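Engineer: kindly generate the corresponding structure for this input.
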Amino acid sequence: MTSETVNDPQPQIADADEKTDSALNHAIADADNSDAADADEAKEEVAVKPEEKMQQQHGSVAPFLIDTAESLKTNDAATEDKKGPEEEAATASSNTESEEVKEEPKQVIKKVVPPLPLDWTKMAECNEEDISPADAIRYPWDVMEFPLPPDQSETHLTIVGTAGQKITRMGSNLCDYVSQNLTHLVLRSHLIRTMEGVSKLKHLELLELYDNMIDEITDLSAGEVDNGDEEDDGLPAKNLRVLDISYNVIRDMNPISQCLNLQELYIAQNKIKSIRGIGQLTQLRKIDLGANRIRVMEEEELSGLINLEELWLGKNKIEHIGGISKLTKLRRLDVQSNRLTSIENLEGQVDTLEELYLAHNGIDVEGAKCPTGLALPFKQLNTIDMSRNRLTDTSPFAHLTSLNELWISGNDIKTFDDVEYIRSLVELDGVYLEYNPVASDFEYRKKLVEIVPNLTQIDATMVGGIGQHGYLTGGGSGENLLERMRQMQEQVIQKAAAETEASGSKENE
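Structural biologist: Below is the predicted model:
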């Protein structure tokens, strides 16, 4: 019977039902000697037994049956105490048969976790291809052949970095590979972090380390030399005429103070917050400090640059123009893309200033008319760029009769009455008014020419000529325009005839 019960599930269910009925009869008989509540609990207990057996066989049971079975556990003890000898025997028999029909225990499958890959923790030797270009060690002689011993007649050395051929170290022994008479050294677009090997190049006049990763200006001078020759002291710094260290990560420009004869300094696109170290560079003609973090034009530093002709301070955080009152030779001033709201303190440049670049600021008409700004009678001023400001008319430029180029695109000039102020600028050749509301007028170009007859260029297009997209533009007399159209028509006909002749000759061949 046991084997059949185990192998065939249907007889097990029928047998379980018969036993359930028998147990139920015993429970009812026993109910005469117990409370009605105990009889109900016995019925519920017996009723749940087959389901428990089914769960043992098939491994599933409804959630509500689980709750019922759990609640009945508390009633088992009370029921057992009230059972007689016959009931205990029946219960024991039922438990024995239930154990016989229990499902065979499931086989436990143990997962074997593979060992973790530890290759990434090992500092194994790696190929050069696996090393970051900035971490590789590569000297100038690794990317270029140097004759040994060096040719002492060579005065210029230029190495521009290319993919896979970028220098990361200049080398403290650079002088062993290059001429001692080197005057121009250019190491542009590499991955150099430290300036080294320069102090021994005593004749160096131009040093360009543009677009590298240098964070400190060092090795410009060897200091005092023990050979008894005072002329060698401070070389090559005091011989340098041009220094270009733009596009690096330099924060302090004080070491430049050693370069007393410097004429051109390019230190744009670094991380400089204040102008320092240039107050004594009286020979300086041009300085580019654009794209840094400068907030103030330091008069203490700038006032000493008595020979300065070009000052470029675009893309900083400057709020006021100042510190340039003694720069009486200044010809070009660039303070665009800053935080200016007015033009001021230009008295020292009335006779010399030629080009003024103030685009991308917050200057309005009143700010442009400051008594110490554009209101001054500039004699040489020929180019003004005030694009992308807050101008509403052209009145600040009405008296600047020397102007040749006026760039005021991207402002808020709405009508041609606002443009009328520049009618007196007889020298004006080109004007940029695009991206102003007035530029949307259908006859925009024609009316501008009527206001300023001498215009040869409006925005990016020549007046009465071929535009940037190859189309004829407005402006000029009607006869000239008609003549140009005839010329273009003849050119098109000649081109078509030539193409037809060429295609015919190919077919004959």
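
Engineer: any residues touching stretch 264-274, and which ones?
Structural biologist: 210, 241-253, 256, 259, 278, 281, 284-296, 298, 312 (CB atoms under 8 Å, 6 or more residues apart in numbering). Where you see a C-beta, it was placed from the backbone N, CA and C, and this is true even at glycine.

Engineer: give me the buried subset of those residues.
Structural biologist: Buried members of these, counted by 16 or more other CB atoms under 10 Å: 210, 241-248, 250, 252-253, 256, 259, 278, 281, 284-292, 294, 296, 298, 312.

Engineer: okay, and which of the contacts of stretch 264-274 map to strands?
Structural biologist: V242, L243, D244, K286, I287, D288, W312 (DSSP state E).

Engineer: please name the bridge partners of the fifth one.
Structural biologist: The reference is to I287. On the basis of DSSP bridges, I287 is bridged to L265, L311.

Engineer: quick check, pLDDT for it.
Structural biologist: Per-residue pLDDT puts I287 at 98.

Engineer: again with D412
Structural biologist: So D412 comes in at 97 (pLDDT).

Engineer: count of neighbours near the closest residue to it other than its chain neighbours?
Structural biologist: Among residues not flanking D412 along the chain, T392 sits closest, at 5.1 Å (CB to CB, 6 or more residues apart in numbering). For T392, the neighbour count with other CB atoms under 10 Å is 16.

Engineer: tell me the mean pLDDT for the longest helix seen in the chain?
Structural biologist: Criterion DSSP state H: the longest helix present in the chain is helix 478-508. For helix 478-508, mean pLDDT rounds to 75.

Engineer: in that helix, what counts as buried?
Structural biologist: So helix 478-508, judged by 16+ other CB under 10 Å, has zero buried residues.

Engineer: over to stretch 209-216?
Structural biologist: L209, Y210, D211, N212, I214, D215.

Engineer: among those, which one lies nearest to A375?
Structural biologist: Y210 (39.2 Å; CB to CB).

Engineer: I figured that closest one hits D288, correct?
Structural biologist: No: judged on CB atoms under 8 Å, Y210 makes no contact with D288 at a distance of 11.2 Å.

Engineer: so for these two, which residues contact both of them?
Structural biologist: In contact with both Y210 and D288: S246, Y266, using CB under 8 Å, 6+ apart.

Engineer: before we move on, back to that, reformat the buried residues of stretch 209-216 as CSV; add distance to S153 and pLDDT.
Structural biologist: Below are the buried residues of stretch 209-216 laid out as CSV (distance: CB to CB, whole Å; pLDDT from 0 to 100):
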residue, distance to S153, pLDDT
L209, 24, 97
Y210, 26, 97
D211, 29, 97
N212, 28, 96
I214, 30, 97
D215, 35, 95
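
Engineer: the residues you listed in helices, which ones?
Structural biologist: Checked against DSSP H, these include nothing in helices.

Engineer: of the residues you listed, which pair is most distant in space?
Structural biologist: Of all the pairs that the buried residues of stretch 209-216 form, the one spanning the most space (CB to CB) is Y210 and D215, at 15.1 Å.

Engineer: can you give me the strands for the stretch 351-500 of the chain?
Structural biologist: 355-357, 383-385, 405-407, 430-432, 457-458, 461-462 (DSSP state E, counting those that start in this stretch).

Engineer: low-confidence regions, the chain specifically.
Structural biologist: Along the chain, segments meeting pLDDT under 70 span 1-113, 116-130, 222-233, 465-481, 505-509.

Engineer: tally up the residues packed near the nearest residue to K202 once chain neighbours are set aside, please.
Structural biologist: Spatial nearest neighbour of K202, excluding adjacent residues (CB to CB, 6+ apart): L235 at 4.1 Å. The number of residues packed near L235 is 20, by other CB under 10 Å.

Engineer: mind checking the end-to-end distance for stretch 404-417?
Structural biologist: 21 Å (CA to CA, to the nearest Å).

Engineer: wait, I meant stretch 155-166
Structural biologist: Per CA to CA, stretch 155-166 runs 22 Å from first to last residue.

Engineer: buried residues, it. List them.
Structural biologist: For stretch 155-166, the neighbour count (16+ other CB under 10 Å) marks L157, I159, G161, K166 as buried.

Engineer: can you give me phi and psi for the last one?
Structural biologist: The main-chain torsion angles of K166 are listed as degrees, to the nearest 10 and equal phi -100, psi 130.

Engineer: show me what the helix or strand containing I159 is packed up against.
Structural biologist: Taking DSSP states H and E as the criterion, I159 maps to strand 156-160. Judged by 3 or more CB pairs under 8 Å, 6 or more residues apart in numbering; DSSP states H and E, strand 156-160 is in contact with strand 184-188.

Engineer: elements contacting the strand it packs on?
Structural biologist: Looks like strand 184-188 contacts strand 156-160, strand 206-208 (3+ CB pairs under 8 Å, 6+ apart).

Engineer: dump the C-alpha coordinates for the first one into PDB.
Structural biologist: If I follow you right, that is strand 156-160. Taking Å, rounded to 0.1, in the frame of the first residue of the first chain, the C-alpha atoms of strand 156-160 are listed here in PDB:
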ATOM      1  CA  HIS A 156      66.200  78.000 -34.700                       C
ATOM      2  CA  LEU A 157      64.500  74.900 -33.400                       C
ATOM      3  CA  THR A 158      60.700  74.300 -33.900                       C
ATOM      4  CA  ILE A 159      58.900  71.100 -32.900                       C
ATOM      5  CA  VAL A 160      55.100  71.100 -33.200                       C
END
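
Engineer: tilt between it and strand 184-188?
Structural biologist: Angle of strand 156-160 versus strand 184-188, following axes from the mean of the first three to the mean of the last three CA atoms, to 10 degrees, is 0 degrees.

Engineer: give me the contacts around strand 156-160.
Structural biologist: 140, 143-144, 167, 178-179, 182-190.

Engineer: those: which two are farthest apart?
Structural biologist: S179 and S189 (22.7 Å).

Engineer: more crowded one of the two?
Structural biologist: S179 (20 against 16).

Engineer: the residue nearest to the more buried one when sequence neighbours are not counted: what secondary structure?
Structural biologist: If the residues on either side of it in the chain are set aside, S179 comes closest to E154, at 4.3 Å by CB to CB, 6+ apart. Classification of E154 using DSSP: H, G, I helix; E, B strand; the rest coil returns coil.

Engineer: hang on, E154 packs against Y177?
Structural biologist: No: assessed by CB under 8 Å, E154 is found out of contact with Y177, at 11.0 Å.

Engineer: got the CA coordinates for stretch 316-325 in PDB?
Structural biologist: The C-alpha trace of stretch 316-325 is given here as PDB (Å, rounded to 0.1, in the frame of the first residue of the first chain):
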ATOM      1  CA  ASN A 316      38.300  88.200 -18.100                       C
ATOM      2  CA  LYS A 317      36.100  89.600 -15.300                       C
ATOM      3  CA  ILE A 318      37.000  93.300 -15.500                       C
ATOM      4  CA  GLU A 319      34.300  95.800 -14.400                       C
ATOM      5  CA  HIS A 320      36.100  99.100 -15.000                       C
ATOM      6  CA  ILE A 321      38.700 100.300 -17.400                       C
ATOM      7  CA  GLY A 322      41.600 101.900 -15.500                       C
ATOM      8  CA  GLY A 323      45.300 101.900 -14.800                       C
ATOM      9  CA  ILE A 324      46.300 103.000 -18.300                       C
ATOM     10  CA  SER A 325      46.500 106.800 -17.900                       C
END
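
Engineer: name the residues that touch that stretch?
Structural biologist: 289-303, 311, 330, 333, 335, 337-349.

Engineer: quick check on the residues you listed: which are buried?
Structural biologist: Counted by 16+ other CB under 10 Å, the contacts of stretch 316-325 give 289-292, 294, 296-299, 301-302, 311, 330, 333, 335, 337-338, 340-346, 348-349 as buried.

Engineer: how far away is the spatially closest residue to M297 that is not a sequence neighbour from K317?
Structural biologist: Excluding the flanking residues, the one nearest M297 by CB to CB, 6+ apart is G323, at 4.1 Å. According to CB to CB, to the nearest Å, G323 stands 15 Å off from K317.
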